[in-house]
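In: missing the sequence, but the structure's below:
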């Protein structure tokens, strides 16, 4: 899980910025733990896909303001988060789990039995 394809665009007033969120990957003996920072993203605006060892996390942060509101200064804008990670080992699709709490998405990706490290006895 070492490669990532960032997606970045410049923002105009009518566009939403697309950025790569900060993330951390930890490797255990039989699984990967991924934590992705998604501040302001609600669960209903989050999608996680796994297709042929490509993990894609997309989240949208929307700042709801009245239609006739004209700000003097604004630093918080709508943001589309996109993170793509190429997994270097196959994972158990049926045992994946995800939890979103306090702006941090935690993913548990257990490896398939065939991908787990093994000790081979010597005779």
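Out: Everything's here; your move. Model, not experiment: these values are computed from the prediction.
In: is the residue sitting nearest the centre point of the chain bridged to anything, and to what?
Out: In the chain, the C-alpha nearest the mean C-alpha coordinate belongs to residue 57, at 3.6 Å (Cα atoms, centre = their mean). Beta-bridge partners of residue 57, counted by DSSP bridges, are residue 48, residue 83.
In: again, but for residue 98
Out: Going by DSSP bridges, residue 98 is paired in beta bridges with residue 107.
In: who's in contact with it?
Out: For residue 98, the contact set (Cβ atoms under 8 Å, 6 or more residues apart in numbering) comprises 48, 105, 106, 107, 108. (Each C-beta comes from the backbone N, C-alpha and C, glycine too.)
In: quick one: buried ones out of the residues you listed?
Out: For the contacts of residue 98, a burial check counting by 16 or more other Cβ atoms under 10 Å picks out 48, 105, 107.
In: the first one touches residue 57, doesn't it?
Out: So that's residue 48. Yes. The pair residue 48 / residue 57 is scored as a contact, 5.4 Å apart, by Cβ atoms under 8 Å.
In: identify the contacts common to the two.
Out: The contact sets of residue 48 and residue 57 overlap at 105, 107 (Cβ under 8 Å, 6+ apart).
In: still on that earlier bit, ok, the buried ones among the contacts of residue 98 vs residue 65, which is closest?
Out: Proximity of these to residue 65 (Cβ to Cβ) peaks at residue 105, which lies at 25.5 Å.
In: and the buried ones among the contacts of residue 98, which is closest to residue 87?
Out: When these are ranked by distance to residue 87 (Cβ to Cβ), residue 107 comes first, at 11.0 Å.
In: point out where the chain drops to low pLDDT.
Out: Low-confidence segments of the chain (pLDDT under 70): 1-17, 76, 115-116.
In: the strands in it, which residues?
Out: 3-4, 17-19, 23-27, 31-37, 46-51, 54-61, 79-86, 97-101, 104-110 (DSSP state E).
In: in its sheet, what does the third one sit against?
Out: Each strand paired with strand 23-27, and its direction, by DSSP bridges: strand 31-37 (antiparallel).
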